[in-house]
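Enquirer: The sequence isn't on hand, but the structure is:
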């Protein structure tokens, strides 16, 4: 006990801060470690996300320097709020359209634009806005499809001068969906079922679907006329929008070429590397695993 503490004790004044015992110090150390661990775990998702953003920016700059173009990405993954763990499903929306149109407006009219598409589709109006803005740009437009660009993503790809797909990548039909139901299926119900047996809601949806199909067909025809004559463009636009296929029908690169689309399969390695920087949500058990790259096998020696 210090002299000051002895003096206060002699006067009957209790100590304001009694000395800490070894047990108290141990408890405080454990508590400090707990809070430090909690802070690190809370910051970890933000640090990881920041690292991915910087890594994507570097990869985009590498691709721009290599190709002398402006690179724009439209990538939709299921994103996870790491702190809460809820998956957020993404699709083409008005915010995407505004950002892409802003990027196009800020690009020199003669500078080529490369747009990387990975999307299940989304709002028709947003997809048409993006496609129209790309079509009006003066420089060459290239659409890169490393995995899939379905529905609205395909409509955007049709605005490009060239579509570069990975050999395994997919495009899709652009037939409209009304309330989650194909417009073509609603039209078939109206054609084949007595009108008195169809409820008003179905009739309304069928009418909206018919209008949406005409609008999409006209928009696709206008985009395709950059690559073929008007009659072929109208026929292909009708095939893509009339609902002969299911909405998730996969149009491969070979089929897209056969349809007359300006498709090649020489996807740059930088685009594939860029997609690796858009990870899917973390799972407790990964669904895909693989070993390290195997060493090349030595040629077998001839037997005597």
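Expert: It's in. What you are looking at is a predicted structure, and each value in this text was computed from that prediction instead of being measured. Numbering: from 1, shown residues only.
Enquirer: check contacts around the residue most central in space within the chain.
Expert: Averaging the C-alpha coordinates of the chain gives a centre point, and the residue nearest to it by C-alpha atoms, centre = their mean is residue 76 (1.5 Å). Taking C-beta atoms under 8 Å, 6 or more residues apart in numbering as the criterion, residue 76 is in contact with 90-92, 118-120, 122. Using the backbone N, CA and C atoms, a C-beta is placed for each residue, glycine as well.
Enquirer: List buried residues within the residues you listed.
Expert: In terms of neighbour count (16 or more other C-beta atoms under 10 Å), the buried residues within these are 91-92, 118-120, 122.
Enquirer: For the residues you listed, point out the one with the lowest pLDDT.
Expert: Sorting those by pLDDT puts residue 91 at the bottom of the list (88).
Enquirer: now the closest residue to it other than its chain neighbours: how far from residue 129?
Expert: Residue nearest to residue 91 in three dimensions, not counting chain neighbours: residue 122, with 3.6 Å by C-beta to C-beta, 6 or more residues apart in numbering. Look at residue 122 and residue 129: by C-beta to C-beta, to the nearest Å, they are 11 Å apart.
Enquirer: now residue 63
Expert: Counting by C-beta to C-beta - residue 63 and residue 129 are separated by 24 Å.
Enquirer: what's the answer for residue 203, then?
Expert: For residue 203, the distance to residue 129 under the criterion C-beta to C-beta works out to 29 Å.
Enquirer: Of the two, which one has the most company?
Expert: Neighbours were counted for residue 203 and for residue 129 using other C-beta atoms under 10 Å; residue 129 has more, 19 against 14.
Enquirer: In the helix or strand harbouring residue 214, which of the residues would be classed as buried?
Expert: Residue 214 belongs to helix 200-224 when assigned by DSSP states H and E. For helix 200-224, burial by neighbour count (16+ other C-beta under 10 Å) applies to 202, 205-206, 209-210, 212-213, 216-217, 219-224.
Enquirer: swap in stretch 257-273?
Expert: Of all the residues in stretch 257-273, those buried under the rule 16+ other C-beta under 10 Å are 259, 261-263, 265, 267-268, 270-271.
Enquirer: Now do the contacts for residue 119.
Expert: If a contact means C-beta under 8 Å, 6+ apart, then residue 119 has 74-76, 90-92, 148-150, 152-153 as its contacts.
Enquirer: next one: residue 107
Expert: When contacts are counted by C-beta under 8 Å, 6+ apart, residue 107 is found next to 70, 113, 137, 139.
Enquirer: for residue 263, same thing?
Expert: Per C-beta under 8 Å, 6+ apart, neighbours of residue 263: 162-165, 253, 256-257.
Enquirer: one step back: any idea how far the residue nearest to residue 91 lies from residue 70?
Expert: 22 Å.
Enquirer: Check residue 95 too.
Expert: The gap separating residue 95 from residue 70 is 20 Å, by C-beta to C-beta.
Enquirer: Neighbour count for the two, which is higher?
Expert: It is residue 70, of residue 95 and residue 70, that has more neighbours when counted by other C-beta under 10 Å, with 19 against 9.
Enquirer: So that one sits against residue 103, correct?
Expert: Yes - proximity of residue 70 to residue 103 meets the contact threshold set by C-beta atoms under 8 Å, at 7.1 Å.
Enquirer: where are the low-confidence patches of the stretch 1-150 of the chain?
Expert: Counting by pLDDT under 70, the stretch 1-150 of the chain shows low-confidence ranges at 1-49, 78-89.
Enquirer: run the last query once more with 50
Expert: Along the stretch 1-150 of the chain, segments meeting pLDDT under 50 span 80-87.
Enquirer: ok, which stretches of it are strands?
Expert: Using DSSP state E, counting those that start in this stretch, the strands assigned to the stretch 1-150 of the chain run over residues 70-75, 79-80, 87-88, 113-118, 141-145, 148-149.
Enquirer: Residue 278: which of the ones you listed is closest?
Expert: With C-beta to C-beta as the measure, strand 70-75 is the member of the strands of the stretch 1-150 of the chain nearest residue 278 (5.1 Å).
Enquirer: Run the angle between the closest one and strand 113-118 for me.
Expert: Strand 70-75 and strand 113-118 are oriented at 10 degrees to each other (axes from the mean of the first three to the mean of the last three C-alpha atoms, to 10 degrees).
Enquirer: so who does residue 189 touch?
Expert: Under the criterion of C-beta under 8 Å, 6+ apart, the contact partners of residue 189 comprise 198, 202, 206.
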